[in-house]
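Student: Need a 3D model of the sequence below.
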Amino acid sequence: MKLLILGGTEFVGRAIADEALGRGWEVTVFHRGHHPAPPKVTDLKGDRTASGGRAALARGTWDAVVDTWWGAPSAVRETARLLSGRVGHYAYVSSRSVYAYPAPAGLAEDGPLVDGSPGDGDVDYARAKRGGELAAEEAFGERALSVRAGLIIGPGENVGRLPWWLLRIARGGPVLAPGPRELELQYIDVRDLAAWVADAVAAGRGGPYNLVSPPGHTTMGGLLAACVRATGSGAELRWSDPEAVLAAGIEPWTGLPIWLPPGELYDTMYRGDVAKAVAAGLRCRPVAETVADTWAWLQGIGGVPPQRPDLPRVGLAPEAEAAFLRG
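Tutor: Reported below is the predicted structural model:
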């Protein structure tokens, strides 16, 4: 396989590049040069948002392209048009955010979607991802694959959600653990996403797929317990009712990463139907493996995770946590 990755130097794109290289594929990455490209790839540089920024893509043929772009859909449209006669399939890494909110529990790929346009410029994240899907479909039709990922964690994470929990628990002491302990989570290890995408483009799959683990792959309790085991810390998890956490003004998702209390947003994020992806070969590794490997990666880079510049840092301030635990 000859694979072109639009991106390919950070988190999701890098995981897909590593997966493809591990399969012996010929990999080309096209990126802005902010981060080093993986070894053993053909390295093309350019900025899709700049005049003439796609010049490096004007020549070449590939079996498939994987696009990890998260910005203006118009950049996807122009790139897809440029490649349409020279690429077999176009896989766009989208998001389950494209579903109209609130998405009920059990929603499959045929659920109602947000409005979006392939010609949109800078719009909110949900509309941008939907517009990106439409841009890929406009140029590639049934040869366009929309990978609707949910929460993505694992080694290389540059958002900081799982790294925050690992680093907090590694410090030890009493830790605010938001309940309920049995709260089911739905996420995807970035390496499992990469493996599924590689299989899908090799098989020529098209259309939308929800790509997260089946609901209940782990629980909040299972995740945090895995963090305690991986770090080997003496942290004491202090489980607290979600009502008390919210009453204290502590924000789900941002203040306490990954955690969402039961309700509409929880159903939207953590109760999606993934039967279609499972039937197409989705395999999800145990949470303990994801957590342990992420901790090993963090230690290997000195304990300071990378941070996407377009996103705020997540995590509860130590003084706020201490104040809550004091009651």
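Student: For the closest residue to V114 other than its chain neighbours, give its distance to A320.
Tutor: The shortest distance from V114 to any non-neighbouring residue, by C-beta to C-beta, 6 or more residues apart in numbering, is to A126 (4.7 Å). Glycine gets a C-beta too; all of them are placed from N, C-alpha and C. According to C-beta to C-beta, to the nearest Å, A126 and A320 sit 29 Å apart.
Student: Which one's more surrounded, those two?
Tutor: A126 (19 against 15; other C-beta atoms under 10 Å).
Student: Next, H35: secondary structure please.
Tutor: Recorded secondary structure, H35: coil (DSSP: H, G, I helix; E, B strand; the rest coil).
Student: What number of residues are in the vicinity of it?
Tutor: For H35, using other C-beta under 10 Å, the count is 15.
Student: ok, it - contacts?
Tutor: Shown in contact with H35 (C-beta atoms under 8 Å, 6 or more residues apart in numbering): 9-10.
Student: what's the neighbour count on V87?
Tutor: 22.
Student: follow-up on the earlier one: who touches the helix or strand containing the residue nearest to V114?
Tutor: Assigned by DSSP states H and E, A126 belongs to helix 125-140. Applying C-beta under 8 Å, 6+ apart, the contact partners of helix 125-140 are 67, 69-74, 76-77, 80-81, 83-84, 87, 89-90, 92, 94-95, 97-98, 101, 113-120, 122-123, 144-146, 206, 208.
Student: Apply 6 Å and report the result again.
Tutor: Applying C-beta atoms under 6 Å, 6 or more residues apart in numbering, the contact partners of helix 125-140 are 73, 76-77, 80-81, 84, 90, 92, 94-95, 97-98, 113-114, 116-118, 120, 144, 146.
Student: When you filter these down to buried only, what's left?
Tutor: Among the contacts of helix 125-140, the ones that count as buried by 16 or more other C-beta atoms under 10 Å are 73, 76-77, 80, 90, 92, 94-95, 97-98, 113-114, 116, 118, 120, 144, 146.
Student: still on that earlier bit, out of the contacts of helix 125-140, name the ones that lie in strands.
Tutor: Counting by DSSP state E, these place 90, 92, 94-95, 144, 146 in strands.
Student: which stretches of the stretch 101-250 of the chain form helices?
Tutor: Listed in chain order, the helices of the stretch 101-250 of the chain (DSSP state H, counting those that start in this stretch) span 125-140, 161-170, 190-203, 220-231, 242-247.
Student: what would those look like in JSON lines with distance to V314 and mean pLDDT?
Tutor: Output for these, formatted as JSON lines (distance: least, C-beta to C-beta, whole Å; pLDDT from 0 to 100):
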{"stretch": "helix 125-140", "distance to V314": "16", "mean pLDDT": "97"}
{"stretch": "helix 161-170", "distance to V314": "6", "mean pLDDT": "98"}
{"stretch": "helix 190-203", "distance to V314": "17", "mean pLDDT": "98"}
{"stretch": "helix 220-231", "distance to V314": "15", "mean pLDDT": "98"}
{"stretch": "helix 242-247", "distance to V314": "15", "mean pLDDT": "98"}
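Student: Relative to V212, which of these is closest?
Tutor: helix 190-203 (8.8 Å; C-beta to C-beta).
Student: follow-up on the earlier one: tell me the one of the ones in strands among the contacts of helix 125-140 nearest C227?
Tutor: S95 (25.2 Å).
Student: who's in contact with the closest one?
Tutor: 129, 149.
Student: Domain map for this protein?
Tutor: 2-149, 158-186+215-269+286-326 (automatic domain parsing).
Student: Looking at these, which one is packed in the most?
Tutor: domain 2-149 (a mean of 19; mean count of other C-beta atoms under 10 Å).
Student: coming back round to it: got TSV for the helices of the stretch 101-250 of the chain, with distance to R54 too?
Tutor: Listed next are the helices of the stretch 101-250 of the chain as TSV, based on distance: least, C-beta to C-beta, whole Å:
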stretch	distance to R54
helix 125-140	14
helix 161-170	32
helix 190-203	21
helix 220-231	41
helix 242-247	46
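Student: Out of those, the one nearest P286 is which?
Tutor: Nearest to P286, of all those, is helix 220-231, at 8.6 Å by C-beta to C-beta.
Student: quick one: A320 is in a helix?
Tutor: Yes - A320: assigned to a helix according to three-state DSSP.
Student: Now it: closest residue in space that isn't a chain neighbour?
Tutor: I250 (6.9 Å).
Student: Tabulate the domains of the chain (TSV), appending distance to D192.
Tutor: Listed next are these as TSV, based on distance: least, C-beta to C-beta, whole Å:
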stretch	distance to D192
domain 2-149	9
domain 158-186+215-269+286-326	9
